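# I'll drop the sequence and a predicted model, then ask my questions.
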4 protein chains.
Amino acid sequence: MRAFPNPFQAHTHRQPSRKLRIAVVGAGYWGPNLARNLQASPDWDLVAICDLDLERARKLAAAVGEIPAVESLDEVLDTFDVDAVAIATPARTHHGTVMTALRAGKHVLVEKPLADSRAHGLEMVAEAEANGLVLMADHTYCYTPAVLKMQELVQSGSLGEILFVDSTRINLGLVQPDVNVFWDLAPHDLSILDFVLPGGLNPAEVSAFGADPLGTGRDCVGHLNFRLPNDATAHVHVNWLSPTKIRQMVIGGSLRTLVWDDLNPQQRLSVYDRGVSLDRQPKSAGEKASTNISYRLGDTWSPALPEREALSQVVAELAYCIRNGQEARTGGASGLRVLSVLEAVTRSLTQDGQPAAVAGAELAEEMEGVR
Amino acid sequence: MRAFPNPFQAHTHRQPSRKLRIAVVGAGYWGPNLARNLQASPDWDLVAICDLDLERARKLAAAVGEIPAVESLDEVLDTFDVDAVAIATPARTHHGTVMTALRAGKHVLVEKPLADSRAHGLEMVAEAEANGLVLMADHTYCYTPAVLKMQELVQSGSLGEILFVDSTRINLGLVQPDVNVFWDLAPHDLSILDFVLPGGLNPAEVSAFGADPLGTGRDCVGHLNFRLPNDATAHVHVNWLSPTKIRQMVIGGSLRTLVWDDLNPQQRLSVYDRGVSLDRQPKSAGEKASTNISYRLGDTWSPALPEREALSQVVAELAYCIRNGQEARTGGASGLRVLSVLEAVTRSLTQDGQPAAVAGAELAEEMEGVR
Amino acid sequence: MRAFPNPFQAHTHRQPSRKLRIAVVGAGYWGPNLARNLQASPDWDLVAICDLDLERARKLAAAVGEIPAVESLDEVLDTFDVDAVAIATPARTHHGTVMTALRAGKHVLVEKPLADSRAHGLEMVAEAEANGLVLMADHTYCYTPAVLKMQELVQSGSLGEILFVDSTRINLGLVQPDVNVFWDLAPHDLSILDFVLPGGLNPAEVSAFGADPLGTGRDCVGHLNFRLPNDATAHVHVNWLSPTKIRQMVIGGSLRTLVWDDLNPQQRLSVYDRGVSLDRQPKSAGEKASTNISYRLGDTWSPALPEREALSQVVAELAYCIRNGQEARTGGASGLRVLSVLEAVTRSLTQDGQPAAVAGAELAEEMEGVR
Amino acid sequence: MRAFPNPFQAHTHRQPSRKLRIAVVGAGYWGPNLARNLQASPDWDLVAICDLDLERARKLAAAVGEIPAVESLDEVLDTFDVDAVAIATPARTHHGTVMTALRAGKHVLVEKPLADSRAHGLEMVAEAEANGLVLMADHTYCYTPAVLKMQELVQSGSLGEILFVDSTRINLGLVQPDVNVFWDLAPHDLSILDFVLPGGLNPAEVSAFGADPLGTGRDCVGHLNFRLPNDATAHVHVNWLSPTKIRQMVIGGSLRTLVWDDLNPQQRLSVYDRGVSLDRQPKSAGEKASTNISYRLGDTWSPALPEREALSQVVAELAYCIRNGQEARTGGASGLRVLSVLEAVTRSLTQDGQPAAVAGAELAEEMEGVR
């Protein structure tokens, strides 16, 4: 089990010596959420909003308080003495923007996915490491009360051995102009699994099936399968064409099984004390070994979850990691593991669903090479 | 679209000239249901119950009325002048029992799956055809009001082009002693798809992922993917380890999408007039072709379904097919298509999920070879 | 808290000295269920089936084993040396049939409701008591695993003080030819409350609203309200005209609240550790007393329930009560309390919903008068 | 059927000659929603925000744009040439504030309930009428797409005759400091019924049951029953102590039944073509009249509803009514009918649930008296 900064509980703060200074880059869809949470945080001084569209930057800057709006990251770096930048620009710009910030010695929070390719991600992680800076991916789901509780239940052994994972994220969703349904939706499921599973997200290979039945030029329906330790299996279903909306993850264990239904606010998490048990009887002399299968039909339990905005925890963890020189639970390494799986998905799709190897076991060596 | 005997409505009967005579072979789990429905049918005279365990045969024979109980199929064939036999014995015995009945000139109804291997199934189908006899698989779901309505909706074009199929059949189920979860549960999904889809079940290849995380010696969790025409895709999830029970099939179409939730008696079928549309604009001279994506959020409709026991329709269709020399909607050819996919599943599992070819395109030639 | 024969657990038996002898009177809708459970019970010898329609009696007698069928209760009493009779005839015949059996010294199990009027019920209870015989109403729901668990939770204090009860039993139901929806459906809710509530069913008065909007000649929609101790309140909604089927009871307590959803087999009982708390602060000198209201949002828990047929427990309890000279949890007194409320409902309906007094506080004296 | 300004469709506007001028009074919980919708409306110029707490007024004024903030309604009336005021202050202040505005010749939109007593409401309605001004209650639910569709379905006769209404609004809700659960929640249900039912909300009398089992000093659980035309019946359940949240209304009709489940965004409205039918056969000479009861089990239909903020429709209707001299669908008369029922509830509670007469049939005369 990996060590995270106080992963099972909300970040609460006593007397931060001084506030850290940050600028938000990108005032489009996600930027306002970042700005609002940074503004409300006891850890942060939000000192500027930056957007190529200066008018958009100004509007956001006015909405969150009277703070300066600027047009370029360079201007941010030249003018304001910031500790960090929070980047909410399109994925294809992450590499350039993040590298600039890191080279200027700034800590970085960047919207998911970390980058638009694993190679880009590797460079970013190496640069952060070389400069002793925090690089954190904004995998927001990992900071929701439901996912925190899931991580706690899985890692404490309450579920027993993991037997299977099944994640469904389907919706009549916006067909994206430049990414397929895997790159659009699966980062959520994959980053959650990376956080929740005892060994993180480390499959050797991945098989993916995609379909573009409308002829949009990119897959709109996707299934992805990979192995977990001990012959367990994980399946993720992402779909932009479903008339019904489902966001559900099942984690089956040898002791208990957990169901997360994110669209049921009255019972988001259920823990079922039900399952199949296999009792192997050692054979005595002259006897055949026998196996007894038994069924457990115990209680169901649904833990209460606090109401708390996940993004407030994201910005708290960013500050914590900077102050303590720690890797965030959704740090660069985690972002890279997600990218590695997505790239294997892309390869598997081109070879008709045959399993494609996931880069990463050799991560350390590669990163050496990059430096 | 294939022609079936009146597939969209209940079999109703006017004055059958004479009742057909039948014996039930196998008085275990399913035999009593067959016997009860045959006894209640206006088409059939149930003349004998047969089971190796004569006591069991006698008990069933007494329960359905005072009819003879015998110990072997040979005795049935020697003693009673039957038109047909209904076989409800274990799958591994289907081939032997069915071949005996067919060679004696009897029509046959046989429990699912048709046989324990495709080769066995091919021999049975060839034998039936050679003798001009009806061979029918008891794929009972295809005779439920919900599946009949689904077939009607799909084949009438109400859904438009099929875009994707997703079928889930999971449960804390009995781990079977001799078959894996694919052979136990997927015949239901596959026979339904064979009946419902316009072209029947004819994938070129299948990819399967199975897991046996408890070490039972056979897969307990399974996912299977295959292509449908026009880059549509089908996915089937079967699982013996789920704490919750789900029996659901989604058929997404370009016009409407259908959801069958078999465990919701108050709204078993829902038809959503929701979806994504792609309107291709032809390019004028000097213009770029453009594609507009639009979203449809229309009404939902849940058709009323009659309450009717599916098995009563099975025995009615058997009689209808015998009298009219027709192939049943779940006849031997359908049973074979299911077996072909299951055998490809088995092959894909042995090659780590790589797609395995489904035998069948060359079915006619093979059957020639068998004769 | 009243004492019942082992009310919280299934009846299990060790070596009953001898089987008790019983006949079933009435082979219509409910009789076959009684006969089947009596036949399967280790406590009982089912010795005869009785029905005015002798053919119907014979059919049932054959179905449950080769036992005699007779036409009249007199014939049962003359011919067979029974210990008890189980009566499943229409409610208007209960009084006559039960009185005959009791006068012949037989214990009686009688279908709900106990009688068609409170006066009739009083006579029956008095007669049983005078002769030292068991008279038991077949309020089957009180023997289901869910209701047993509810009783356990309420009576053990797990819910705290009862604050409110809300019971809904609605359906597109068969409009009955001779009773209104209150007398048809509310006996279920009332007998359950009598069993579950700490003080049983003892309201001082009842208000009822009924409606017959179709002009059937009897109320098809009904609401009934009464007070529980400590200004708590109970409401029951019964309805034959609802397009959806709901069978749900909520019991709100000061510590926890219980929801029983009988049509949700996957989560029939839920116990919510949520609620409102009132903390009264004692006033110090010179201060105003203050009341703090706080909200509790704790876990939800759904206990596993065994799968067990309630009627098998009914016949076990009948035997237990006879052998041990005990009153059944749904004995005559309980049946009378239900009738008392139903008669008050009828009175309240005739006086435009004004509260009508419930007879019963003075039960003991009345029964003296009867004797 | 009453005539409303274009009640079945969204207000859409072409070229309003000039914008109307309005101020918002009250910057607490609801005021910001009013201000935001007025600011976004093509019909309105929001010219000032008013609150006794000037700081709160300033904050809201800044958030919606750079507009003036003032401390008192008098200041609004003296300084700004407004056409109307929108009042979002506590209910006990409605009468005074509204009367001031009306006397100054301003149209008024006032938060629900219209006033804290029927007598106050009557004065307000009379004043508005005497001055030819619009007085509109902000019964926001009546402007939601779901309630608009319900009104259309009921009033077009799609449901047939109304047979029963059952409304449930329960929640672990905030126990209010000065009103009971009836006055807090039932205005929603009552104003919806007033809008949806063909004859509006006009019961002759009302019976109410309340309970204060926690001893908070006011009822926390309430049931209210009244008759509708043709022996139909309405029941409303309001509850602050329920651990689960339900907002559901069932309107049963002779042809179809409608269920509104406001917390199910995927299927908010369902129309069931199910029910009981009574066919009366006229008697021929010498025959008994007979009544046949039959059951209809037809399809279910769930109409698509637009996503639209109800409050934007409220402010559009206010402008429409001012410009065209019309009564709003939730005008003063509607607000009065709601108050009349609530006052009868209060009386019924004091007389132990006995039906209490609802003032209002004689409304016209009373209003004469007031003038």
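Received, thanks.
# assign a three-state SS to the spatially closest residue to residue A:33 that is not a sequence neighbour, would you?
Here the nearest residue to residue A:33 in space, its sequence neighbours aside, is residue A:311; by C-beta to C-beta, 6 or more residues apart in numbering or on different chains that works out to 5.7 Å. In short, each C-beta sits where N, CA and C put it, glycine included. Secondary structure for residue A:311, judged by DSSP: H, G, I helix; E, B strand; the rest coil, is helix.
# list the contacts for the closest residue to chain D within the stretch 251-371 of chain A?
Across the stretch 251-371 of chain A, no residue is closer to chain D than residue A:266, which sits at 6.3 Å (C-beta to the nearest C-beta). Residues near residue A:266 by C-beta atoms under 8 Å, 6 or more residues apart in numbering or on different chains: D:244, D:245.
# looks to me like it is in a helix.
No: assigned with three-state DSSP, residue A:266 falls outside any helix and is coil.
# packing partners of whichever strand or helix holds residue A:35?
In this assignment (DSSP states H and E), residue A:35 forms part of helix A:31-39. The contact analysis (3 or more C-beta pairs under 8 Å, 6 or more residues apart in numbering or on different chains; DSSP states H and E) places helix A:31-39 against strand A:20-25, strand A:44-50, helix A:54-63, helix A:310-324.
# helices and strands of chain A: which one bottoms out on pLDDT?
Sorted by mean pLDDT, DSSP states H and E, the helices and strands of chain A end with helix A:363-370, the least confident at a mean of 49.
# touching chain B at all, stretch A:177-197?
No: residues of stretch A:177-197 contacting chain B under C-beta under 8 Å from any C-beta of the partner chain: none, with a closest distance of 9.1 Å.
# cool, stretch A:200-220 as well?
Yes: legend: contact between stretch A:200-220 and chain B by C-beta under 8 Å from any C-beta is shown at A:207, A:209, A:210, A:211, A:212, A:213, A:214, A:215, A:216, A:217, A:220.
# give the buried residues for the helix or strand containing the third one.
Think residue A:210. If you go by DSSP H and E, residue A:210 is part of strand A:205-211. Within strand A:205-211, the residues scored as buried using 16 or more other C-beta atoms under 10 Å in any protein chain shown are A:205, A:206, A:207, A:208, A:209, A:210, A:211.
# quick one: name whatever helix or strand follows it.
Past strand A:205-211, the next helix or strand by DSSP H and E is strand A:221-228.
# end-to-end on stretch A:125-141?
One end of stretch A:125-141 to the other measures 21 Å (C-alpha to C-alpha, to the nearest Å).
# confirm that residue A:300 sits in a helix.
No: applying three-state DSSP, one finds residue A:300 to be strand, outside a helix.
# could you measure from it over to residue B:119?
From residue A:300 over to residue B:119 the distance is 46 Å, taken as C-beta to C-beta, to the nearest Å.
# and if you look at residue A:333?
The value you get for residue A:333 to residue B:119, if C-beta to C-beta is used, is 52 Å.
# next one: residue A:189
41 Å.
# more neighbours: these two, which one.
Shown here are residue A:189 and residue B:119; by other C-beta atoms under 10 Å in any protein chain shown, residue A:189 has more neighbours (25 against 15).
# what residues does chain A put near chain C?
A:267, A:273, A:274, A:297, A:298, A:299, A:300, A:301, A:302, A:303, A:304.
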